[in-house]
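Novice: coords below, sequence missing:
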């Protein structure tokens, strides 16, 4: 209860600028939590899928792998669909590699979306805190010049409280959201690096296996029966 009273008094003494700063903080926290949940889900989904696909690639069961990734909505499944759908038609390793690079171009923005808002909100929160501080100081000096000497101390104290509260909340918002942004950026980079590593391992497995005639024919039938991913190059 004392903590709640402390928060209420903080806002009462901080002036009107504290409310938009607090709103910015809430919006940023919501975005950060949503992105954390999505990236965690994406990382776990990719890990589970790769644990299933790796034995298939090592044993040359590319048709079975294609069936598995077709039913997956993970980022890794999206990338692997592009590569596996080109096995029967690609003449060179570079053709499959380019198709998988194209899929990464589609996947990465989905992983990064809304994360950049956190840096913007952090800057806005800090600048609004600075604005509240300046307004509080202007009010303080203007009030001191017009009131009786006996009231100057209390008036100055109240105005400085407004300024300091705005500074404090602005810095809290900026620090919190910038740390969240840094963490989410690092986590996104880790996921993207994992996708690139998985792509390289798939290409190496494909190159090493050289697919026996029976598997190659099965992959050709699968490729004809399964439509290529939307947006893939012909």
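Specialist: Great, that's in hand. Source: prediction; values computed, not measured.

Novice: Only C-alpha atoms from now on, for both contacts and neighbour counts.
Specialist: Fine.

Novice: Can you classify residue 72 by secondary structure?
Specialist: Following DSSP: H, G, I helix; E, B strand; the rest coil, we place residue 72 in the coil state.

Novice: Tell me the spacing between it and residue 41.
Specialist: 13 Å (CA to CA, to the nearest Å).

Novice: just residue 15 next, same as before
Specialist: Applying CA to CA to residue 15 and residue 41 gives a distance of 41 Å.

Novice: ok, these two, which is more surrounded?
Specialist: Comparing residue 15 with residue 41 by other CA atoms under 10 Å, the one with more neighbours is residue 15, at 19 against 13.

Novice: residues of stretch 91-111 that come out buried?
Specialist: 95-97, 99-104, 107-108, 111 (16 or more other CA atoms under 10 Å).

Novice: go on, stretch 60-72?
Specialist: 60-63, 65-66, 68-69.

Novice: pLDDT weak spots in the protein?
Specialist: Regions of the chain meeting the criterion pLDDT under 70 cover residues 1-14, 90, 143, 145, 147, 149-152, 209-234.

Novice: quick one, helices of this structure?
Specialist: Secondary structure of the chain (DSSP state H): helices at 2-14, 18-58, 62-70, 75-84, 93-112, 116-146, 149-209, 213-225.

Novice: How far does the fourth one sit from its chain's centre?
Specialist: In other words, helix 75-84. Distance, stretch centre to chain centre, for helix 75-84: 20 Å (CA atoms, centre = their mean, to the nearest Å).

Novice: buried sites along it?
Specialist: 75-84.

Novice: Which neighbouring elements make contact with it?
Specialist: helix 18-58, helix 62-70, helix 93-112, helix 149-209 (3 or more CA pairs under 8 Å, 6 or more residues apart in numbering; DSSP states H and E).

Novice: Let's have those helices in CSV, adding distance to residue 138.
Specialist: Below are the helices and strands packed on helix 75-84 laid out as CSV (distance: least, CA to CA, whole Å):
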stretch, distance to residue 138
helix 18-58, 17
helix 62-70, 63
helix 93-112, 41
helix 149-209, 9
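
Novice: what about residue 155, neighbour count?
Specialist: 18.

Novice: again with the one 10 residues further on
Specialist: With neighbours defined by other CA under 10 Å, the count for residue 165 comes to 23.

Novice: what's the spacing between it and residue 142?
Specialist: 19 Å.

Novice: can you check residue 176 too?
Specialist: Distance from residue 176 to residue 142, by CA to CA: 33 Å.

Novice: now do residue 61
Specialist: Taking CA to CA, one finds residue 61 at 79 Å from residue 142.

Novice: Residue 51 now?
Specialist: In terms of CA to CA, residue 51 sits 68 Å off from residue 142.

Novice: More neighbours: those two, which one.
Specialist: residue 142 (13 against 10).

Novice: is it possible to export the buried residues of stretch 60-72 to CSV including distance to residue 206?
Specialist: Converted to CSV, the buried residues of stretch 60-72 look like this (distance: CA to CA, whole Å):
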residue, distance to residue 206
60, 7
61, 10
62, 9
63, 12
65, 12
66, 13
68, 17
69, 16
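
Novice: Among those residues, find me the one that's closest to residue 32.
Specialist: residue 69 (29.0 Å; CA to CA).

Novice: got a list of what the nearest residue to that closest one once chain neighbours are set aside touches?
Specialist: Sequence neighbours aside, residue 77 is the residue nearest to residue 69 in space, at 4.8 Å (criterion: CA to CA, 6 or more residues apart in numbering). Residue 77 sits next to 46, 49, 69-70 when contact means CA atoms under 8 Å, 6 or more residues apart in numbering.
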